[in-house]
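Visitor: Return a 3D structure for these sequence lines:
(one chain, ligands or ions: 1)
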Amino acid sequence: MTVTIDGKELAKKIRANLKIECEELNKKEIKSKLAVIMVGDDPASKVYVRNKSKACEDVGIEYEEYLLDSNISQKELIDLIKKLNQDNTVNGILLQSPIPSKLDINEAFKTIAPEKDVDGFNPTNVGKLVLNQDTFVSCTPYGIMKMFEEYNIDLNCKNVVILGRSNIVGKPLIHCCLNKNATVTICHSKTRNIKEIASKADILISAIGKANFVTTDMVKENAVVIDVGINRTDNGKITGDVDFENVKEKASYITPVPGGVGPMTIAMLMNNVIKATRRQKGMKD
Ligand code: NAP
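Guide: Prediction:
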């Protein structure tokens, strides 16, 4: 029987535990704060930022938002990040992507202090992930790994195929899975024979951003199917990359969209903010 992985419920459980942890910190007069920077007014980013602020409120993390005009200069952006790095009341810094293309996002990520880099995009933290050292793992891959853990899905010796090689999902996921002894293949727009490669996966993870990209003929019988995609259909419905209704007949585990990876991403961001706070106060995780 297919198990639908309930990311919403799991995220709720994680957030409830974090709320207790936050209350314990407050008793010790320790506050936790996330600063979010958004440049411009990308509609999707606005929704993501709002969801992050709600999650902070729910868990008890203080939230500070910097909404910057799209005409801001690179120097102004970097100066703000440096100021937040120095601010002892700020424990986590998140730069919401995308930012206008005239700005250098890589320099911005590099400027975020590694110990406040709760999104895991600073090259130091990315390097630590590659080296299998303790670090802040970017929140979507981290959320997926947490789902595997909670549902007892063992990656050891498994064939994992990842569709999509973005810096925020596909690339960090390679190392998360490799660090758990999986054999990992990553596909992108220049990959030949995606169907054939995908259909050999014990675990198939799609982060492409195209509705119904993953069809039943791409899925091995009893494969685990993780759908990262968020796509809006013509009638305004949110859907993933996977043809859920048909693929679920074949998969052993599958994540829905909405209610799968999305809520886990935010829960792991909250987890990273609390982790950053504890570390900055010299406490154990
Ligand atoms: P992205 O930066 O646009 O990357 C998309 C990747 O898909 C690229 O590597 C691209 O290949 C590949 N691709 C596109 N069309 C393809 C095709 N026809 N065949 C094979 N590969 C193809 O996207 P992203 O930021 O990783 O996001 C991917 C999706 O996940 C989006 O729908 C996004 O909204 C969603 N997302 C969800 C969450 C969540 O929390 N649930 C978090 C992040 C993203 P090239 O590199 O060759 O161009």
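
Visitor: okay, CA-based contacts and neighbour counts for the rest of this
Guide: Fine.

Visitor: Write out the residues of the stretch 101-250 of the chain neighbouring the ligand.
Guide: Residues of the stretch 101-250 of the chain lying close to the ligand (CA under 6 Å from any ligand atom) are 140, 164-166, 168-169, 188-190, 207-209, 228-231.

Visitor: how about a cut-off of 8 Å?
Guide: 139-140, 163-170, 187-191, 194, 206-210, 213, 227-231, 240-241 (CA under 8 Å from any ligand atom).

Visitor: Hmm, residue 112 and residue 91 touching each other?
Guide: No: because the distance of 11.3 Å does not satisfy CA atoms under 8 Å, residue 91 is recorded as not touching residue 112.

Visitor: and these two? which has more neighbours close in?
Guide: residue 91 (29 against 25; other CA atoms under 10 Å).

Visitor: Return the per-residue confidence for the more buried one.
Guide: Residue 91 is assigned a pLDDT of 98 by the prediction.

Visitor: and it, what is it in contact with?
Guide: Neighbour list for residue 91: 32-35, 116, 273, 276-277, 280 [criterion: CA atoms under 8 Å, 6 or more residues apart in numbering].

Visitor: ok, the residue nearest to residue 215 when sequence neighbours are not counted - how many residues close by?
Guide: Setting aside the residues directly before and after it, residue 215 is nearest to residue 243 in space (CA to CA, 6 or more residues apart in numbering), at 5.5 Å. Neighbourhood size, residue 243 [other CA under 10 Å]: 16.

Visitor: circling back: of the residues of the stretch 101-250 of the chain next to the ligand, which belong to helices?
Guide: Those of these mapping onto helices are 139-140, 170, 194, per DSSP state H.

Visitor: Kindly reformat these as a markdown table containing pLDDT and distance to residue 267.
Guide: Compiled in a markdown table, those are given as follows (pLDDT from 0 to 100; distance: CA to CA, whole Å):
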| residue | pLDDT | distance to residue 267 |
| --- | --- | --- |
| 139 | 98 | 8 |
| 140 | 98 | 10 |
| 170 | 98 | 19 |
| 194 | 98 | 31 |
